[in-house]
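# how does the following fold in three dimensions:
(chains A and B)
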Amino acid sequence: MSLSYLLRRLGSVLLVLFGVSLVTFAIIPLLPGSPARVTLGVQATPAAVATLERQMGLDRPLPVQYVSWVGGILTRGDFGTSLISRQPIAGEVTRRVPATLTLALAALLVGLAIALPAGILAALKPGSPRDLGVSLFSQLGVSVPDFWMGILLILLFSETLGWLPSSGYRPLSDGLAPFLQHITLPALTAGIISGAIMTRFVRSALLEVLNQDYVRTAHAKGLPRRKVMRKHVLRNASISIVTIVGLQMATLLSAVVVVEIIFAWPGLGQLALTATLQRDYPALQAAVLLSAVAFTVINLLTDLSYTFLDPRVSYT
Amino acid sequence: MAATASHAEVPRSRPGLDLLRKALRHGSVLFGGGLILALALVALFGASLAPYDPMAMDFTARFAPPSWAHPFGTDDFGRDVFSRVLYGAAVSFQVAFIAVGISGLAGVALGLTAGYRGGWIDEVIMRVMDVLFAFPAVLLAITVMAILGRGVENAMIAIAIVYAPIFARVTRGAVISVRDREFVTAARALGQSQLRIMLRHVLPNALGPIIVQTSLSLAFAILAEAALSFFGLGTQPPDPSWGRMLSEGRGFLQQAPWMGIFPGLAIMVSVLGFNTLGDGLRDVLDPRFRGRH
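Residues are numbered from 1 along each chain as shown, chains lettered A, B, ... in the order given. Below is the predicted model:
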């Protein structure tokens, strides 16, 4: 990977992040009402609202407000104050980031546990009943609404069988058992769907390698099937699979928003919805900004890992 | 000159018919298309097919399980779930088609301009699209709803904003691949206006991937509308929408699981239809993917 490519890629990411910060900042000026009005309620006098707006710095020109907002985040990690709890948002947000990332990661593991075997099984015998079965599963999985899947899992495992809790989050530091009990259903919900998506990619990545000349040569020179799979097929397919995993991790950051809301999982997505419903706009800004940054960084890492893993790809 | 002009027509008339024939023989296109056609008929005529008024409450028949009288059971107000699901089809399809229509028009216009003109116009348009892409889709939709307020019209706008960048990217890619073909150069040599070249020569030949994306986006849009309504941001009560019915059914999972099961099934079948249709069309229309699956 050349240095100039790396720099160019970083430059474009910084540009995107600047755009992201502008859009996120614009939430408050674009609103019909002022945050001061939300804090004080509908009965407040215009004079009281104006005074609070001055205190909150909302009477300053927009560029000044933008610079002080971004500056606060970058220098002090200060995301402002919640309009509802009147507490600094930073604390709230730092508690939620690990919850979201843990859930996305767990869902990714569930997805891989499904997609790798299913994709490999399907690719080994394309056109067979086995392959059709896998395709059918993945087509259904891609079409299931995640919130519906969550509800069905709650109906089966919490309400009917009573095996697992239907909501809440326990960090790993509370012990492995409660952590697993709480994360299983949300991780399954997002993971099964993600697995369905990845199955297709794993299958076509493998098929592409299986059709290569060097695989035919390996078979022709009498290598055992197992060895051909391990040394030639899987190793070469792993490059595209890593890319799929990276892209899927980014997609999951979006997918877990819905899952968090259904399972009362205290992550960024749930914060975004609660903030929207309560009109706590600074909290919404923080949740959206952090998710977008995480999304962009994961996409960048996926991109770079691709050039790292495959010596044939060199961007100049 | 006449010869050049007719040459320019060739790539989009005859192959179009061939593609149509091919599409109609394709299993996924037939299955997905048939499913969507059936659902579209339900969306259009559901009101007259419904055995009951979807808003009519009957407190003597609350939480009735599925039966001949109420095939999908009744809800907490004694309303017929089957009739409400039929009505919900109209809401879901209307939102999905309008939202994808807006986002398709905007995205295709932007992608066509960016891909054909290139240069700084391309840079500016695509960087703005990159910024919109950087937000997780559901969060962007929620944010737009936070600014615009709740309601089904605003849900359409939110969904349109979320999916326009995908149309722009897909269109731009397809446009770049035909931009320098002979018939475009010929049209340019004939002195045709840029707008005319873009609309008459470039766009028709870049249409394949855009049609595929439209079908896939309709699937996303149905899911997104249902999710926003499920959160309480989209369709407002008492209107029946699949997402709303699901969120209402959620409170009565033990008592009346059918309240949540059937609307979800309706969402899944619609999404399955559009996804399968889109995949089939991709096999037929998009040369880059031909034979890869």
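
# how many other residues sit next to A:Gly33?
Neighbourhood size, A:Gly33 [other C-beta atoms under 10 Å in any protein chain shown]: 11. Yep, even glycine has a C-beta here, placed from its N, CA and C like the rest.

# help me confirm that it is found in a helix?
No. Counting by DSSP: H, G, I helix; E, B strand; the rest coil, one finds A:Gly33 to be coil, located in no helix.

# pLDDT wise, what is it at?
We have a pLDDT of 72 for A:Gly33.

# now it, what are its backbone angles?
With angles defined as degrees, to the nearest 10, A:Gly33 sits at phi -110, psi 170.

# following the helix or strand harbouring B:Arg169, which helix or strand comes up?
Element membership of B:Arg169, judged by DSSP states H and E, is helix B:152-179. Once the chain leaves helix B:152-179, the next helix or strand it forms, by DSSP H and E, is helix B:182-189.

# please compute how far that following helix lies from its chain's middle.
33 Å (C-alpha atoms, centre = their mean, to the nearest Å).

# what's in contact with the helix or strand that it is followed by?
Remark: after helix B:182-189, the chain's next helix or strand is helix B:194-196, criterion DSSP H and E. With C-beta atoms under 8 Å, 6 or more residues apart in numbering or on different chains as the test, helix B:194-196 has contacts from B:116-117, B:187.

# can you classify the residue minimising distance to the centre of chain B as helix, strand or coil?
Residue closest to the mean C-alpha point of chain B, counted by C-alpha atoms, centre = their mean, is B:Leu218 at 1.5 Å. Per three-state DSSP, the secondary structure class of B:Leu218 is helix.

# report the helix or strand with the lowest average pLDDT across chain A.
Ranked by mean pLDDT, DSSP states H and E, the weakest helix or strand in chain A is helix A:35-40, scoring a mean of 77.

# buried ones in the helix or strand just after that one?
Per DSSP H and E, helix A:35-40 leads on to helix A:46-56 as the next helix or strand towards the C-terminus. Within helix A:46-56, the residues scored as buried using 16 or more other C-beta atoms under 10 Å in any protein chain shown are A:49, A:52-53, A:56.

# how about stretch A:91-111?
Neighbour-count burial for stretch A:91-111, counted by 16+ other C-beta under 10 Å, picks out A:92-93, A:96, A:99-104, A:106-108, A:110-111.

# stretch A:12-19 too?
For stretch A:12-19, burial by neighbour count (16+ other C-beta under 10 Å) applies to A:13, A:16-17, A:19.

# do the same with stretch A:4-14
A:9, A:13.

# stretch A:181-198 now?
Within stretch A:181-198, the residues that qualify as buried are A:182-198, counting by 16+ other C-beta under 10 Å.

# and these, which of them are in helices?
Counting by DSSP state H, these place A:182-198 in helices.

# of the contacts of helix B:194-196, select the buried ones using a PyMOL command.
This is the PyMOL syntax for the buried subset of these, where burial follows 16+ other C-beta under 10 Å:
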select buried, chain B and resi 116+187
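
# what's the closest of the contacts of helix B:194-196 to chain A?
Nearest to chain A among the contacts of helix B:194-196 is B:Arg117, at 20.1 Å by C-beta to the nearest C-beta.

# for the closest one, which non-adjacent residue is closest in space?
Excluding the flanking residues, the one nearest B:Arg117 by C-beta to C-beta, 6 or more residues apart in numbering or on different chains is B:Gln194, at 8.0 Å.

# can you tell me what sits against stretch A:94-114?
With C-beta under 8 Å, 6+ apart as the criterion, stretch A:94-114 contacts A:169, A:171-172, A:183, A:186-199, A:245, A:248-249, A:252-253, A:255-256, A:259-260, A:265-271, A:287, A:290-291, A:294.

# any idea how far B:Arg188 is from the residue nearest to B:Arg117?
In this structure, B:Gln194 and B:Arg188 are 9 Å apart, going by C-beta to C-beta, to the nearest Å.

# now do A:Leu116
Counting by C-beta to C-beta, the separation of A:Leu116 from B:Arg188 is 50 Å.

# and the two? Which one has more around it.
With neighbours defined as other C-beta under 10 Å, A:Leu116 and B:Arg188 compare such that A:Leu116 has more, 17 against 12.

# what strand or helix carries that one?
Going by DSSP H and E, A:Leu116 is in helix A:89-124.

# and that helix, how far from the chain's centre?
On C-alpha atoms, centre = their mean, the centre of helix A:89-124 falls 8 Å from the chain's centre.

# and after it, which helix or strand comes next?
As assigned by DSSP H and E, the chain's next helix or strand after helix A:89-124 is helix A:129-143.

# okay, angle between that following helix and helix A:89-124 too, please.
160 degrees (axes from the mean of the first three to the mean of the last three C-alpha atoms, to 10 degrees).

# pull out the buried residues from helix A:129-143.
Of the residues in helix A:129-143, those buried (16+ other C-beta under 10 Å) are A:131, A:134-135, A:137-139, A:141-143.

# what do you get for stretch A:227-235?
For stretch A:227-235, a neighbour-count test (16+ other C-beta under 10 Å) marks A:228-229, A:232-233 as buried.

# do stretch A:55-69 as well
For stretch A:55-69, by 16+ other C-beta under 10 Å, it's A:56, A:58, A:65-66, A:69.

# before we move on, what about stretch B:69-89?
Residues of stretch B:69-89 classed as buried by neighbour count (16+ other C-beta under 10 Å): B:70, B:72-76, B:78-89.

# check contacts around B:Val202.
Each residue near B:Val202 by C-beta under 8 Å, 6+ apart is listed here: B:112, B:116, B:175, B:178-179, B:184.

# 10 Å instead, please
B:112, B:115-116, B:171, B:174-176, B:178-179, B:181, B:183-184, B:187, B:194 (C-beta atoms under 10 Å, 6 or more residues apart in numbering or on different chains).
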